[in-house]
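K.L.:
Build me a model:
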Amino acid sequence: MVDSTAVHRRLREGVQAVTRIQQVHWELQMDYIGHPYYVSGNAILHALGQHLPHEVHQHLHASHGMFVPGQFGIFPDKHSKNGICPYLGSGLPDVESYDDLFLMRNPTHRWLLDSRPREALNTHDIRTQSGHLALSHETIMGRSEGARKQHQTTKWYINAYLHADDPDALPVDEPVLDSLQFGGKRNYGYGITRLKDTQVVDIDELDYSQLTDGDSFLVEVITPFVLESEYPSAADQDVPWWWNESRHNLRERDEKILEKGELYRLKTVDHGQVVKYEGDRLFETAKNGILRIGTHSKYGFGELRVKPVWSCPRQPQSSEKSNRAAERKN
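P.N.:
Next up is the predicted model:
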């Protein structure tokens, strides 16, 4: 368990936070009633707060939880691993490089096999529960006549990660992470999860070599970046100076957070957009983007990914070609 006495000792001694994150993979056990794109970091922190002492919980930061289908997949070309992996979406592969971290952080889940109905498999079934629209915890699809099984079931998972401004607050104990509930109607059993997998990653020890050979670089907005907030004392801000884009040319989205029973509205740069990077501290930007930047980053907002761009398309390596051939045969 987390030692709260050690947390306070580290604060008194002025020790800086380490660069570890704790990845968490939950399996949905019951339908989820809530935000249709993700489980917010705010909701994850609220759930953890019911099981952790305040002196530990106050140091935690949580990413948004991305919905992941528990399907077969193939590791992308930029991943440190290669080949097809059965039920890739149902667990946490080892993380060795910067790109490995983002395998399940993009809702398009490009690792899904092209040989299967990937768009259908990556779409939640919607069910009405007590007048509320709910994302189902599993998707059941029929199969063609003559197939060995008449139905195919896809289980759904939530992928998130924690970090802390005190090194002794991590890792969070597995019993604390198990059986958490997210979303609405929790008293009726909705949104309950079970812990499927967790692991700790030190972002300083990752391989960032893929960021060294790009002709230019882009920044992908993984989770909304907060521009304005109704939360007391929260600072409004413009887009970062190292984005080669003005706010007026970006798609915005209204979001909200719930804190102590009060609802606060946010104006954000919508997730899924890409802007050109014009800064001069590439690796610092990449690491800061993992830990998130801007207002309400503690609650999952402001997650960014740096991506290289080449002026001439690169030819796939032989290992990449063999992976694609194996996929077509699958």
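K.L.:
Can you give the domain ranges for this protein?
P.N.:
Here the domain assignment for the chain is 4-205, 214-309, based on automatic domain parsing.
K.L.:
what's the spacing between the spatially most central residue of the chain and Met66?
P.N.:
Geometric centre of the chain, nearest residue: Arg105, 4.1 Å, by C-alpha atoms, centre = their mean. Separation of Arg105 from Met66 (C-beta to C-beta, to the nearest Å) stands at 6 Å. (Each C-beta comes from the backbone N, C-alpha and C, glycine too.)
K.L.:
Find the residues that touch each one of those two.
P.N.:
Counting by C-beta atoms under 8 Å, 6 or more residues apart in numbering, the residues touching both Arg105 and Met66 are Asn159.
K.L.:
could you redo the domains of the chain as TSV and give each row mean pLDDT?
P.N.:
Below are these laid out as TSV (pLDDT from 0 to 100):
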stretch	mean pLDDT
domain 4-205	90
domain 214-309	95
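K.L.:
just the strands in the stretch 201-330 of the chain please.
P.N.:
Assigned by DSSP state E, counting those that start in this stretch, the strands in the stretch 201-330 of the chain fall at 216-221, 225-229, 252-259, 262-269, 274-276, 304-309.
K.L.:
sorry, back to before: just checking, the residue nearest to the centre of the chain is part of a strand?
P.N.:
No: according to DSSP: H, G, I helix; E, B strand; the rest coil, Arg105 belongs to no strand; its state is coil.
K.L.:
For it, give me phi and psi.
P.N.:
phi -100, psi 0 (degrees, to the nearest 10).
K.L.:
Can you tell me how far it is from His59?
P.N.:
Arg105 is 23 Å from His59, by C-beta to C-beta.
K.L.:
remind me, longest strand of the chain?
P.N.:
strand 151-164 (DSSP state E).
K.L.:
Would you mind writing the CA trace of that one as CSV?
P.N.:
The C-alpha trace of strand 151-164 is given here as CSV (Å, rounded to 0.1, in the frame of the first residue of the first chain):
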residue,chain,number,x,y,z
HIS,A,151,-21.8,-14.9,-32.7
GLN,A,152,-18.7,-12.8,-32.0
THR,A,153,-18.5,-11.0,-28.7
THR,A,154,-16.2,-8.0,-28.2
LYS,A,155,-15.5,-6.9,-24.6
TRP,A,156,-14.8,-3.2,-23.9
TYR,A,157,-11.9,-1.8,-21.9
ILE,A,158,-10.9,1.5,-20.5
ASN,A,159,-7.2,2.6,-20.9
ALA,A,160,-5.8,5.3,-18.7
TYR,A,161,-2.7,6.3,-16.8
LEU,A,162,-1.8,8.0,-13.5
HIS,A,163,1.1,10.1,-12.4
ALA,A,164,1.8,11.9,-9.2
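K.L.:
buried stuff in it?
P.N.:
Within strand 151-164, the residues that count as buried by 16 or more other C-beta atoms under 10 Å are 152, 154-164.
K.L.:
same deal with stretch 170-186?
P.N.:
170-172, 176-177, 180-183, 185-186.
K.L.:
before we move on, back to that, by contact count, what packs against the longest strand of the chain?
P.N.:
Counting contacts by 3 or more C-beta pairs under 8 Å, 6 or more residues apart in numbering; DSSP states H and E, strand 151-164 is packed against strand 20-28, helix 41-49, strand 60-62, strand 65-69, strand 138-142, strand 193-202.
K.L.:
Quick check: which of the strands of the stretch 201-330 of the chain is buried the most?
P.N.:
By mean neighbour count, with neighbours taken as mean count of other C-beta atoms under 10 Å, strand 225-229 ranks first of the strands of the stretch 201-330 of the chain at a mean of 22.
K.L.:
No further questions, thank you.
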